[in-house]
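Asks: need coordinates for the below:
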Amino acid sequence: MKKKLRKIIIQEKTYLYSLKESLCKKQVGGNLYWKNTLRIYVENYRQTPLVVYFFAKDDYYMGNMLTKEIVDGLNIHYPSVIQKIINYALTQENWQANNSGLTLHNGLSILQKLGYNISSINPEIETIHEFLLEEE
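Replies: This next block holds a predicted model:
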């Protein structure tokens with residue numbers, strides 16, 4: 001299967017992004033977790049990406065809750081959500097898209113700062129991100 005980069009234009013700049021989803025093999029407190037990796041870069045500047053990791057509990061019936069519209073308007077595949085994440089990284093995290101890359105390990109906290117209610121998908125353990133990142 002060929003990976004397709006998606007395109008979004010914000011303030012006359014073209015950004016390309018991809019979203020990779022994988023079910024983590026480690027269980028924490030009896031729960032499985034989804035690791036979602038969002039990689040964004042400005043067209044022709046592939047060496048300086050914004051990488052955001054999102055971890056969400058696996059739901060037995062729904063699967064990856066970040067890719068279902070459980071919370072009003074929150075699906076990390078939606079361009080409107082991607083646009084908000086890019087704007088957040090540019091303004092709040094000082095991402096210099098043309099000059100330097102940036103990695104953010106707690107994407108759920110970004111979604112919360114953007115006004116989304118993530119209580120139903122938020123991992124219960126604060127250090128879940130570091131724990132699951134060790135899996136790589």
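
Asks: measure S120 to Q27 for me?
Replies: Between S120 and Q27 the distance is 19 Å, computed by Cβ to Cβ, to the nearest Å. (C-beta placed from N, C-alpha, C; glycine too.)

Asks: and N106, by the same measure?
Replies: Taking Cβ to Cβ as the measure, N106 falls 20 Å from Q27.

Asks: so the two - more neighbours on which side?
Replies: Neighbour tally, N106 and Q27, criterion other Cβ atoms under 10 Å: the higher count belongs to N106, 17 against 10.

Asks: dihedrals phi and psi, the more buried one?
Replies: Here the main-chain torsion angles of N106 (degrees, to the nearest 10) amount to phi -120, psi 80.

Asks: and if you look at I40?
Replies: Note on I40: its backbone torsions stand at phi -130, psi 140 [degrees, to the nearest 10].

Asks: for K35, same thing?
Replies: According to degrees, to the nearest 10, the main-chain angles of K35 amount to phi -110, psi 120.

Asks: please apply the same query to the one 4 residues further on.
Replies: Geometry field for R39 lists phi and psi as phi -120, psi 120, criterion degrees, to the nearest 10.

Asks: that one pairs with what?
Replies: The residues paired with R39 through beta bridges, assigned by DSSP bridges, are S18, V51.

Asks: my guess is it contacts V51. True?
Replies: Yes: taking Cβ atoms under 8 Å as the definition, R39 is a contact partner of V51 at 5.3 Å.

Asks: what bits of the protein have low per-residue confidence?
Replies: Residues of the chain that meet the criterion pLDDT under 70 lie in 1-3, 70-72, 122-136.

Asks: quick one: the strands in it?
Replies: Counting by DSSP state E, the chain forms strands over residues 6-10, 13-23, 33-42, 50-59, 63-64, 102-104, given from the N-terminal end onward.

Asks: may I see these organised as JSON lines, with distance to L111 added?
Replies: Written out in JSON lines, the entries for the strands of the chain read as follows (distance: least, Cβ to Cβ, whole Å):
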{"stretch": "strand 6-10", "distance to L111": "17"}
{"stretch": "strand 13-23", "distance to L111": "14"}
{"stretch": "strand 33-42", "distance to L111": "11"}
{"stretch": "strand 50-59", "distance to L111": "8"}
{"stretch": "strand 63-64", "distance to L111": "14"}
{"stretch": "strand 102-104", "distance to L111": "11"}
